[in-house]
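1. Need coordinates for the following:
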Amino acid sequence: MNLSEYIINDIKPLQNTGLISDLKLLFNQLTYSHIPIMNEDGVYLGCLSEIDLHCFESKKHIKDCVYATESFFVRDSTNWLDVLEAFAQNKTNIMPILNEQNSYLGYYELNDIIGLFNDTPFFSEAGAVLIIEKGLSDYSFSEISQIVESNDGKLLGAFISKIENDIAQITLKIGNAGLTEIMQTFRRYSYNIISGHEEDSYIEDLKERSDYLNKYLNI
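-> The predicted structure follows:
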């Protein structure tokens, strides 16, 4: 997927010779969380955040606060998933782009990159969402794929949505099949079902049996 068409250049990085007041004015005009900074030679130094900026006096020069810059960036060759990860790791909505010679090319906006994700089959194709979990060292994507496909399902996408206490939570998008048989197979392979966005007849069957047992015991 070519991201070059999403490179934006309408805001140039501020030089570190400018004043903090210039940076504050720019933040007031924009909705970005960070602004790129460069030195007099045009070398990218990093980004200053709007939150950190409140700690500095307006009459100071940006170079006096350059220690507070965050040095995140991506390359123009970085794939879109890694770009999305960089946005998340740095809690920003603007991502500077450097080429292999470390020259500043522009930046990506978070909304543009998320828009690419929304166009993937995971979101655009019809199907059911299933969330499962298993021990971090016990699951495998090959096993997950085999379980789905052995029940005539098509795996449209899968990602690890949570890791906690050595338990991995995996979100699946499944097309071309109902979920009931797939969920039952996952249970046989010791996966816990967290959420299935389709009627889970296994749970309904257990509930009916439980209701029947309660009625029998109350006779």
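2. If we go by neighbour counts, what in the longest strand belonging to the chain is buried?
-> Across the chain, the longest stretch assigned as strand under DSSP state E is strand 154-164. Residues 155, 156, 157, 158 are the ones in strand 154-164 that count as buried (16 or more other CB atoms under 10 Å). C-betas here are computed from N, CA, C, even on glycine.
3. how much space between residue 90 and residue 33?
-> Distance from residue 90 to residue 33, counting by CB to CB, to the nearest Å: 9 Å.
4. just residue 172 next, same as before
-> As it turns out, when the distance is counted by CB to CB, residue 172 lies 32 Å from residue 33.
5. Who has more neighbours out of the two?
-> Set side by side, residue 172 and residue 33 show more neighbours around residue 172, with 26 against 16, by other CB atoms under 10 Å.
6. and the strand or helix carrying the more buried one, what does it pack onto?
-> Here residue 172 sits within strand 167-175, counting by DSSP states H and E. Using 3 or more CB pairs under 8 Å, 6 or more residues apart in numbering; DSSP states H and E as the contact test, the elements touching strand 167-175 are helix 121-124, strand 128-135, helix 141-150, strand 154-164.
7. by contact count, what packs against the helix or strand just after that strand?
-> Using DSSP H and E, the helix or strand that directly follows strand 167-175 along the chain is helix 180-188. Helix 180-188 makes packing contacts with strand 128-135, helix 141-150, strand 192-196, helix 201-217 when contacts are defined by 3+ CB pairs under 8 Å, 6+ apart.
8. if we go to 6 Å?
-> Using 3 or more CB pairs under 6 Å, 6 or more residues apart in numbering; DSSP states H and E as the contact criterion, the secondary-structure elements in contact with helix 180-188 are helix 141-150.
9. Keeping just the C-alphas, turn the helix it packs on into PDB.
-> The C-alpha atoms that make up helix 141-150 are tabulated as PDB, following Å, rounded to 0.1, in the frame of the first residue of the first chain:
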ATOM      1  CA  PHE A 141      -2.300 -18.400  14.400                       C
ATOM      2  CA  SER A 142      -1.800 -21.500  12.300                       C
ATOM      3  CA  GLU A 143      -4.100 -23.400  14.800                       C
ATOM      4  CA  ILE A 144      -6.600 -20.600  14.800                       C
ATOM      5  CA  SER A 145      -6.700 -20.500  11.000                       C
ATOM      6  CA  GLN A 146      -7.100 -24.300  10.800                       C
ATOM      7  CA  ILE A 147     -10.000 -24.200  13.200                       C
ATOM      8  CA  VAL A 148     -11.800 -21.600  11.200                       C
ATOM      9  CA  GLU A 149     -11.200 -23.100   7.800                       C
ATOM     10  CA  SER A 150     -12.000 -26.700   9.000                       C
END
